[in-house]
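Engineer: Okay, here's the prediction I keep looking at, along with the sequence it came from:
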Number of protein chains: 2
Amino acid sequence: MRPTIYDVAKEAGVSIATVSKIINHKGGISERTKNNVLRVMKELNYHPNIMATALTGKNTNSIGLVLPDLANPFFSELARKIEDRGHELGYSIMICSTDYKKEKELKYIQLLKSKSVDAIILASGFEDEEVISRLLKEKLPVSIVAKNFPSISINTVAIDDFQGGYIATTHLLELGHTKIAIIARDVYSNRERMRGYYQALMDYGVDYKFEFRFATESNVETGTRMAREILDSETGATAFVACNDLLAIGAIQAGREKGFNIPNDLSVVGFDNTIIAEVYDPPLTTVSQPIGDMGKEIMDLTVAEIAGEKGKRKVILVPDLIVRRSTRIRVDEMIDE
Amino acid sequence: MRPTIYDVAKEAGVSIATVSKIINHKGGISERTKNNVLRVMKELNYHPNIMATALTGKNTNSIGLVLPDLANPFFSELARKIEDRGHELGYSIMICSTDYKKEKELKYIQLLKSKSVDAIILASGFEDEEVISRLLKEKLPVSIVAKNFPSISINTVAIDDFQGGYIATTHLLELGHTKIAIIARDVYSNRERMRGYYQALMDYGVDYKFEFRFATESNVETGTRMAREILDSETGATAFVACNDLLAIGAIQAGREKGFNIPNDLSVVGFDNTIIAEVYDPPLTTVSQPIGDMGKEIMDLTVAEIAGEKGKRKVILVPDLIVRRSTRIRVDEMIDE
DNA sequence: AAACATTAGGTAAGCGCTTACCTAATGAGG
DNA sequence: CCTCATTAGGTAAGCGCTTACCTAATGTTT
């Protein structure tokens, strides 16, 4: 069996209280005794039983992370950063993937609570504010990353989606495009990006309308399907802003189906700057969410809240446009003809 | 505060023992009492405190997963499957990324032990058998996925890497290639794949030699660098088998640098069939590890071991060649000239 | 109807740890 | 040399739960 505090106490010839005080760095113990006990702990390879510690009201040093899909590169990169910062700070992470299903969100939150995690980090997803606000009623610290609920007071790290949509669109606008379509899902962040997109269009005085429909999923096929519809329509498009890299790749594929060269005949900007954007051919121009910073920040905020620091904060990071080779100055159609 | 078993007992007018027996489906309780207690539990929204349960020697229903890098698509896809199957079976997963560092492996294993996980799943990595065999000394169930230690008796799910290397190479051979180079890292699985590669070359009687060096990392740049060296060398190559998709993409990029068309002038087969292979242009011909099956199998094996089923098993899955568009029949150089 | 088996439920110890409170020993102040 | 702080360490209760063992009240058997 694993050694317990009793084994250490007996071996060191002291009481368990003394051992406990040493473990917890409480005072009132002489250097001599302390060193001796420490030595015995080493010898026995003693490690406190976290369950027992947690039972007495202390923390479990574990944090739950609830996200839509761990297999999605954006979330796995984010999870990795959160994990790293968590470990630095002494916390382990339990990950749950919800597939954007409300019932799973509820189920996993319940599960994490019953595991006595010290806090829960919610990443994106969670269209339903009720889930959140119910959760907030309890004393359990909760924070949100990669998504912003403007109306809820909760530790948050997110990017400015509006600005992301704005800079993506502006980039295309400055390249001379006017027929710029957008592919987005019906979720908060995407809607914000669309607002940025419309704003940019307005600011540049371009009046482009196309028959917009929300994408239902975040994958390549959906992107292809959506882009194909737009390309086939009356209005057409010479550029796309896609609300994530997978959709962007779908759009590129739709363009290629039609024999377009990317970026010469069709420009596409993605979103998220996942490894896929980097690796794709052509490498994607994309709006980069600073995943590393987000992960670190949210972990720091969360741990601060666990530690009892009360002020809630919202950290809005600014997205960055990474210009690669999927976008290009628009060659005027007239010249071609 | 969260309600405890005492609250439920008092509210239902029974003793805590009765409540406990109901929770654990032990007999000796009348339907009437049982239903009443169940009702009270609902009302109070009671959930047993897992820490307390674990303290009395029962399981924590959590499993540690130690893998090299959660941000790597292969591992995040695998982790997702493991997570899903784990949740189905009632287990939560704690993930730790080691970056292939032995010290982190040790550290995280220790951490997971102190968290009282019911079992640990080791995914790939772990070049050092000693880490494993030391771990096996303890009663804690340990299993390995995506890697095989032939000499150690331990629950294992892996693919037949030798065969994977063999079919990748054979595919290229049958397309008429003879100058087939391989890009691999110095880890067990890659070495096995190389064995398969050499075997295939032998079986087809081709005698191609190039100056082989191990890749030091698994990323696109490294792949590019390795491929460039080979392409620039005296011997050259018309095809590559790369030991993962990222390296494969690197090789393709090296080819393109030289003005090669893929697959016309250079064929490349990857390994792992991650989302990147699917999404890349051209889509990668790659050896597919059945990630879903691996995840499910390893979880099942692990849970069986927790449940006390003793027979250890090694499940070797067969890899599958997914032919896409990064490989092509070799057009004879003579014709070109 | 006596003797016993069954059934339903309760009592209390113990899992490994923290902590409020207690005690003994040492040293300082007068 | 006595009193009182101070310091080093110990005692024991309690965190929420499980479980071996016990008791009381039924039902069965002859």
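Structural biologist: Great, that's in hand.
Engineer: for chain A, which spans come out with low pLDDT?
Structural biologist: A:332-337 (pLDDT under 70).
Engineer: and it, which of its residues are near DNA strand C?
Structural biologist: A:1-2, A:4-6, A:16-17, A:20-21, A:23-24, A:26, A:48-49, A:52-53, A:55-58 (CB under 7 Å from any atom of the strand). Heads up, the C-betas are built off the backbone N, CA and C, glycines and all.
Engineer: how about the strands of chain A, start to end?
Structural biologist: For chain A, the strands defined by DSSP state E occupy A:62-67, A:92-97, A:119-123, A:142-145, A:155-159, A:180-183, A:239-242, A:267-272, A:285-288, A:314-317, A:320-322.
Engineer: hang on, the earlier thing: in helices, which of the residues of chain A next to DNA strand C fall?
Structural biologist: Counting by DSSP state H, those place A:5-6, A:16-17, A:20-21, A:23, A:52-53, A:55 in helices.
Engineer: Give the single residue among those positioned nearest to residue B:244.
Structural biologist: residue A:53 (41.1 Å; CB to CB).
Engineer: Could you pull up the residues touching residue A:287?
Structural biologist: A:164, A:167-168, A:269-273, A:319-322 (CB atoms under 8 Å, 6 or more residues apart in numbering or on different chains).
Engineer: one more time with 6 Å, if that's ok
Structural biologist: Shown in contact with residue A:287 (CB atoms under 6 Å, 6 or more residues apart in numbering or on different chains): A:164, A:168, A:271, A:319, A:321.
Engineer: and what of residue A:117?
Structural biologist: Contacts of residue A:117 (CB under 6 Å, 6+ apart): A:62-64.
Engineer: again, 7 Å this time
Structural biologist: A:60, A:62-64, A:94 (CB atoms under 7 Å, 6 or more residues apart in numbering or on different chains).
Engineer: ditto for residue A:176
Structural biologist: By CB under 7 Å, 6+ apart, the neighbours of residue A:176 are A:329-330.
Engineer: Next one: it from residue A:183, what distance?
Structural biologist: 21 Å (CB to CB, to the nearest Å).
Engineer: Over to residue A:304?
Structural biologist: 37 Å.
Engineer: Between those two, which is the more surrounded one?
Structural biologist: Taking other CB atoms under 10 Å in any protein chain shown, residue A:304 and residue A:183 do not tie; residue A:183 has more neighbours (30 against 17).
Engineer: Please tell me I have it right and that one contacts residue A:224.
Structural biologist: No: using CB atoms under 7 Å as the test, residue A:183 is too far from residue A:224 to be in contact (10.0 Å).
Engineer: Contacts for stretch A:242-260, please.
Structural biologist: Counting by CB under 7 Å, 6+ apart, residues outside stretch A:242-260 touching it are A:183-185, A:190, A:193, A:215, A:218-224, A:227-228, A:231, A:240, A:262, A:265-266, A:268-272, A:274, A:276-277, A:280, A:284, A:286, A:326, B:279.
Engineer: Buried only: go through those residues for me.
Structural biologist: A:183-185, A:190, A:193, A:215, A:218-220, A:222-224, A:227-228, A:231, A:240, A:262, A:265-266, A:268-272, A:274, A:276-277, A:280, A:284, A:286, A:326, B:279 (16 or more other CB atoms under 10 Å in any protein chain shown).
Engineer: Sort out for me which of these are in helices.
Structural biologist: A:190, A:193, A:220, A:222-224, A:227-228, A:231, A:276-277, B:279.
Engineer: Apart from its neighbours in sequence, what residue is nearest residue A:172?
Structural biologist: residue A:239 (4.6 Å; CB to CB, 6 or more residues apart in numbering or on different chains).
Engineer: what's across from that neighbour in the sheet?
Structural biologist: residue A:180, residue A:267 (DSSP bridges).
Engineer: burial count for it?
Structural biologist: Residue A:239: 28 neighbours (other CB under 10 Å).
Engineer: For it, which residues are in contact?
Structural biologist: Residue A:239 neighbours (CB under 7 Å, 6+ apart): A:172, A:177, A:179-180, A:266-268.
Engineer: roughly how far apart are it and residue A:231?
Structural biologist: 11 Å.
Engineer: Next: residue A:321.
Structural biologist: On the measure of CB to CB, residue A:321 and residue A:231 end up 24 Å apart.
Engineer: Tell me if I'm right that residue A:47 and residue B:115 touch.
Structural biologist: No: assessed by CB under 7 Å, residue A:47 is found out of contact with residue B:115, at 9.9 Å.
Engineer: who touches the spatially most central residue of chain A in this structure?
Structural biologist: The centroid of chain A falls nearest to residue A:146 when counting by CA atoms, centre = their mean (4.4 Å). For residue A:146, the contact set (CB under 7 Å, 6+ apart) comprises A:78, A:123-124, A:158, A:294.
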